[in-house]
Structure formats: structure tokens, C-alpha cells
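A.B. asks: fold the following and give me the result.
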Amino acid sequence: MTKEELNRLGKTLWDIADQLRGAMNPDDFRDHMLSFLFLRYLSDNYEAAAKKELGRDYPAPKDGDKRTPLAIRYKENAGDIADFEKQMRLKVHYVIEPPYLWSSIAEMARTQHGDLLDTLWKGFKYIEEKSFESTFQGLFSEINLHSEKLGKTPKARNDKLCTIIQKIAEGIAQFSTSTDILGDAYEYLIGQFAAGSQWTKLKRTTTT
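C.D. replies: A predicted model of the protein is given here:
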């Protein structure tokens, strides 16, 4: 990653933080952002491997169909799912079912879907406990989707997550999900938000 790209990524992440600064405190924002960045990385890596594995059998959604190619594949080839997932565990060592892919979650956020919170919670649990033995155990332990910090009611928390995820999805869509960029994003967020001082400075600057 070039210095210019890193600066652009940093500015994008900071702009998202600025837009969401009234939604959560810096530590919570950092934990959510890191979790969503990693989900996107895992999802993109998995979908790329699935496309290579399936070759010509990898579906191409028709115009207006917002489902992921794997969601279409699962729907049209239910009898082959077990064999396909077994093969993917051999190739990439984990599985993410279509509803839990980042692209599916981002689409739910974009459309303000009422089941986003529940789907995301189930997705995190699936990846941690069922994706591949205990490889990802505790991966998303720092994020509490049912915290009242997100809202007093399940609907309020769902609405807040829709807003957060939509902003993050739009902001990071322009960046690839290579391990280098993921690492740079981790380092940037940890450096900026771990202590919370920069967040406080931002709030003071933008409200005066």
C-alpha cells in the first residue's frame, strides 16, 4: 500500500468516524469497525475462492437481483451444498453461508432491513463456532450487538446498526481487502481510537 493510498484510507475511516461520532464512543466504534472490516475481508476472500472453485457454475445475478451469487447457488443447488462446503473447507479452511457474507449484510443495511441485527449476530456466531472447528473462536467477542449503547430497544439497535454499516460499507467500498490494507486499517484505528483522545479533540473541533 502506497503512502497516498494509506492517507486516503485514513481520511475515509476518519470521515466515517466524524459522521458517526454521536452514535457511539471511540472504543465501541473501533471494535465495530474492526469487526466489520474483518468480516468484509473474510467474505471477499471466500467469495473469490468460491468463484474460482465453481468456475462456469458460479452464478451471475440478473439485473435487479440483489442476492449474492452464492445465495443464488445455494437456492438453485440445495442438494450440492454439503459437498461444496466440504470442498471450501479444504481450499480456504472456512465457510461463510450466503446470508452472513458482508455483501448480504451491507445490502440489508442499505435497505434498513428489520432483521439485520439478528442476522449479523447469527453470522458472527456461525463464523466463530461452525465455520471451521475452533479457528475463529472468539473472533467477534469485542462487539456486543445487544448493548444498550446502540439503543434501548432491539428496533433502535437494529436501526443504529443499519446506519453504521451503511456508512462503513460506502466508505470502504473503494478499497481492496488485501491483508496489507486490512493490517493498515487495523493499525490506523487502534492508533486513533484506543485512547479516545483524538475522538474528544474531533468533537471539540467540530462543535466550535
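
A.B. asks: and the top helix by length along the chain, what's buried?
C.D. replies: The residue-count maximum for a helix in the chain (DSSP state H) belongs to helix 26-54. For helix 26-54, the neighbour count (16 or more other CB atoms under 10 Å) marks 26, 28-47, 49-50, 54 as buried. Any C-beta I mention is one placed from the backbone N, CA and C, and that applies to glycine too.

A.B. asks: phi, psi for residue 138 please.
C.D. replies: Dihedral pair for residue 138: phi 80, psi 10, per degrees, to the nearest 10.

A.B. asks: is it true that it touches residue 127?
C.D. replies: No: Residue 138 is beyond contact range of residue 127, at 10.9 Å (criterion: CB atoms under 8 Å).

A.B. asks: between those two, who's got more neighbours?
C.D. replies: residue 127 (24 against 9; other CB atoms under 10 Å).

A.B. asks: what distance do you get for that one to residue 75?
C.D. replies: 21 Å (CB to CB, to the nearest Å).

A.B. asks: list the residues that contact the residue nearest the centre of the chain.
C.D. replies: Closest to where the C-alpha atoms of the chain average out (CA atoms, centre = their mean) is residue 36, at 3.1 Å. Taking CB atoms under 8 Å, 6 or more residues apart in numbering, we find residue 36 in contact with 102, 165, 168.

A.B. asks: and the first one, how far is that from residue 175?
C.D. replies: Between residue 102 and residue 175 the computed distance is 13 Å (CB to CB).
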